[in-house]
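Visitor: One predicted model, sequence on top.
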Amino acid sequence: MTKNSFIFAFTVTIALLTGCASQNSHVLAGGSQVELRSIQTRSFDSNDRTKMLRSIVATTQDLGFIVDKADSDLGTVTATKLSGYQIRMTITVRPKGDSQLLVRANATYNLQAIEDPQPYQDFFNSLSKAVFLTAHNVD
Amino acid sequence: MKNFTLLCVIIAGLVGCTPTIPKDAFKLSPTSLEDRQLQSRKFDTLDRKVLLASGAAVLQDMGYALDESNATLGILTASKKADATDGAQIAGAVVVALLGGGAMPVDKEQKIRISLVVNENLSDSESSIARISFQRIVWNTQGQISRVETLKEPDLYQGFFEKLSKSAFLEAHLI
């Protein structure tokens, strides 16, 4: 290995290390708002918000979460799963028109916000089974 | 030199910014139905607020403090800190120290979280369902988190429902 390739490897490593975000950058961190909202949100054909919140609580319990906070007026539930790792998730329910509900979930895995669509897809699949309703994608 | 390059790659990999989420984290596990049966009991009452209040009293009996409660949704979440020292673990640490392995951290304290959710019984309009779950966070003697887990021992659930049953003056039925 030449001296040049050594310097190259060293530079790349340092660049990768500094590539990780600084402390303050996490305060307002987040992906594209439009894209994130679309992967984190589904609509359901129901207008019973309390029942939906109850089903959400039941689903989180089925998935091994414990509810940290719940507000039935605002329609929010925050829950944590501990299973060798920690997942913390907030779910909000708000009306969309007269006959639909919008359910949005956002979760963090240990220290990292989950921005991958698959975990949310899995969550809404589990929720669909609990409410006997289909989760529709929202544009 | 080659080893150094490899080391650089490993370090870069370790500090990588995107950890992967376990694939089954948001999927219902094959045992989720059994877990639900283990964690739930049926009570012959429709007064779910009284059942919830009885649950709060049981939690107070056991030294828990309430973190969250919502009567509309029928939720109580409580926690307590407790000792987590384990004789076998300390014995192991002593052996390691004697063999010259230095001071090994052992479990020191734990936070136990419990949630009680009371809901209508969808298959019977005369009764209500109470479901509980337990979680634990353990810290070691160096103040680091050594374990985070969900407790699944059937005795714990059985024991809680026996207490709830006495407190609410109602019989707890298996679902």
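Guide: Great, that's in hand.
Visitor: Show me what the lowest-mean-pLDDT helix or strand in chain A is packed up against.
Guide: Lowest by mean pLDDT, DSSP states H and E among the helices and strands of chain A is helix A:3-19, with a mean of 73. Packed against helix A:3-19 by the contact rule (3 or more C-beta pairs under 8 Å, 6 or more residues apart in numbering or on different chains; DSSP states H and E) you find helix B:2-14. Where you see a C-beta, it was placed from the backbone N, CA and C, and this is true even at glycine.
Visitor: For the next helix or strand after the helix it packs on, output the C-alpha coordinates as PDB.
Guide: Later in the chain than helix B:2-14, the nearest helix or strand by DSSP states H and E is helix B:32-39. Taking Å, rounded to 0.1, in the frame of the first residue of the first chain, the C-alpha atoms of helix B:32-39 are listed here in PDB:
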ATOM      1  CA  SER B  32     -49.600 -12.400  20.600                       C
ATOM      2  CA  LEU B  33     -53.000 -14.100  21.200                       C
ATOM      3  CA  GLU B  34     -51.500 -16.300  24.000                       C
ATOM      4  CA  ASP B  35     -49.800 -13.200  25.500                       C
ATOM      5  CA  ARG B  36     -53.200 -11.400  25.400                       C
ATOM      6  CA  GLN B  37     -54.900 -14.200  27.200                       C
ATOM      7  CA  LEU B  38     -52.100 -14.300  29.800                       C
ATOM      8  CA  GLN B  39     -52.300 -10.600  30.400                       C
END
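Visitor: Parallel or antiparallel, list what pairs with the helix or strand just after helix B:32-39.
Guide: Sequence order places strand B:40-43 as the next helix or strand after helix B:32-39, per DSSP H and E. When pairing is defined by DSSP bridges, strand B:40-43 lines up against strand B:128-140 (antiparallel), strand B:172-174 (antiparallel).
Visitor: What angle do helix B:32-39 and the first one make with each other?
Guide: It refers to strand B:128-140. Interaxial angle of strand B:128-140 relative to helix B:32-39 (axes from the mean of the first three to the mean of the last three C-alpha atoms, to 10 degrees): 90 degrees.
Visitor: any idea of the mean pLDDT in strand B:128-140?
Guide: Mean pLDDT, computed over strand B:128-140, is 95.
Visitor: in that strand, what's buried?
Guide: B:128-140 (16 or more other C-beta atoms under 10 Å in any protein chain shown).
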